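>>> give the three-dimensional model of this entry:
(2 chains)
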Number of protein chains: 2
Amino acid sequence: MRHLRFPGRACSVASALEIVGEAWTLMIVREAFFGTRRFSDFESALGIAKNVLSDRLGKLVDAGVLEHRSVVGRGNPGDYGLTAKGHDLFPLIIALMQWGDRWIHQGKAPIRVLDRATGEEIAQTHVVNREGRELSARDATVVAGPGADEETRRRFP
Amino acid sequence: MRHLRFPGRACSVASALEIVGEAWTLMIVREAFFGTRRFSDFESALGIAKNVLSDRLGKLVDAGVLEHRSVVGRGNPGDYGLTAKGHDLFPLIIALMQWGDRWIHQGKAPIRVLDRATGEEIAQTHVVNREGRELSARDATVVAGPGADEETRRRFP
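Prediction:
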């Protein structure tokens, strides 16, 4: 199905965007990282319409990013929690936040993320090589990978 | 304007998503990182409708992520290139790609990104503290920053 939306342009950016490439979806994931668990708390924290929230939560559960857990003493509502797949979106959320801090809020971050152990602000997220050296896009090149389709192999031999 | 879309929930994730929180938008940014410059090349690489492409390119130029450069010998078409603000989306694009490689393509990446200097694959993008130690979301905590509004200060004192 995802290959219908981004036809024949296989790359994990495209596939990942099929799941998280919608603004509310990533806002919900952000909220989950902030510790929000209940439908009503997502609703009030985000100011999102019930039907939109319900739809996006359902999609995130279907995609395996969130899981719906029943809570003793509460019936249907239950909690929504990040799965391992969801937790692994942390670098993406932080990269997005840091870009916004820098380029939209001119360094005046609305929210600071701290290392619990040291109380210090986390570092900037960078792309690094295996030796830990920071790379810009100009330092990088792209080749077809093991999961490449015919078109990708032609394009990035 | 952006505070209308995500009302009163100030955070750079929200602000960044106002600019790049749409699947085609990040696909266009990905293409720009792949070296695509011309309207017709974006069109054929992405299989995107002309009117949608034109709209998204215009928004990216307005947001300062891309710039439209006239090219000698070509009239109106010109090229679209990443600005510094656009180049700075590299960690975000790579974080998105690596998440998709891992969780959607089960490690069989359609595309591999290499360090030009060493020819080796880049490392996984992680959130790190100032000493370079890898942090998961559980190792991190959130406090209001210098750009926090009243609501954010109440929520994350």
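>>> quick one: contacts for A:Leu114?
Contact analysis of A:Leu114 by C-beta atoms under 8 Å, 6 or more residues apart in numbering or on different chains lists A:Glu120, A:Glu121, A:Ile122, B:Ala140, B:Thr141, B:Val142, B:Val143. Heads up, the C-betas are built off the backbone N, CA and C, glycines and all.
>>> neighbours of the fourth one, how many?
Yep, that's B:Ala140 we're talking about. 18 (other C-beta atoms under 10 Å in any protein chain shown).
>>> how about it: what's its closest non-neighbour residue?
In this structure, B:Ala140 finds its nearest non-sequential neighbour in A:Val113, 5.3 Å apart by C-beta to C-beta, 6 or more residues apart in numbering or on different chains.
>>> check which helix or strand A:Thr152 maps to.
helix A:150-155 (DSSP states H and E).
>>> what are the buried residues along that helix?
Going by neighbour count (16 or more other C-beta atoms under 10 Å in any protein chain shown), the buried part of helix A:150-155 is A:Thr152, A:Arg155.
>>> same question, stretch A:107-121
Neighbour-count burial for stretch A:107-121 [16+ other C-beta under 10 Å]: A:Ala109, A:Pro110, A:Ile111, A:Arg112, A:Val113, A:Leu114, A:Asp115.
>>> what of stretch A:28-41?
Across stretch A:28-41, burial judged by 16+ other C-beta under 10 Å covers A:Ile28, A:Val29, A:Arg30, A:Glu31, A:Ala32, A:Phe33, A:Phe34, A:Thr36, A:Arg37, A:Phe39.
>>> and those residues near chain B, which?
Among those, the ones lying near chain B by C-beta under 8 Å from any C-beta of the partner chain are A:Arg30, A:Phe33, A:Phe34.
>>> what sits against the residue of chain A most remote from its centre?
Going by C-alpha atoms, centre = their mean, the residue of chain A most distant from its centre is A:Gly73, 31.1 Å out. Counting by C-beta under 8 Å, 6+ apart, A:Gly73 makes contact with nothing.
>>> checking it next. Helix, strand or coil?
Following DSSP: H, G, I helix; E, B strand; the rest coil, the label given to A:Gly73 is coil.
>>> then A:Thr118?
Classification of A:Thr118 using three-state DSSP returns coil.
>>> can you check A:Gly81 too?
Going by three-state DSSP, the state assigned to A:Gly81 is strand.
>>> quick one: the ones next to chain B among the buried residues of stretch A:28-41 as JSON lines, columns for secondary structure too.
Output for those, formatted as JSON lines (three-state DSSP):
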{"residue": "A:Arg30", "secondary structure": "helix"}
{"residue": "A:Phe33", "secondary structure": "helix"}
{"residue": "A:Phe34", "secondary structure": "coil"}
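>>> just to revisit the earlier point, helix/strand/coil for the residue nearest to B:Ala140?
strand.
>>> against chain B, how distant is the spatially most central residue of chain A?
In chain A, the residue lying closest to the centroid (C-alpha atoms, centre = their mean) is A:Leu89, at 4.2 Å. Remark: distance between A:Leu89 and chain B (C-beta to the nearest C-beta, to the nearest Å) = 6 Å.
>>> quick check: closest non-adjacent residue to that residue.
Closest residue to A:Leu89 apart from its sequence neighbours, by C-beta to C-beta, 6+ apart: A:Val29 at 5.6 Å.
>>> so what's that neighbour up against?
Contacts of A:Val29 (C-beta under 8 Å, 6+ apart): A:Val20, A:Leu60, A:Val65, A:Leu82, A:Gly86, A:Leu89, A:Ile93.
>>> residues touching the residue nearest to the centre of chain A, list them.
Neighbouring residues of A:Leu89 by C-beta under 8 Å, 6+ apart: A:Val20, A:Val29, A:Val65, A:Leu82, B:Trp99.
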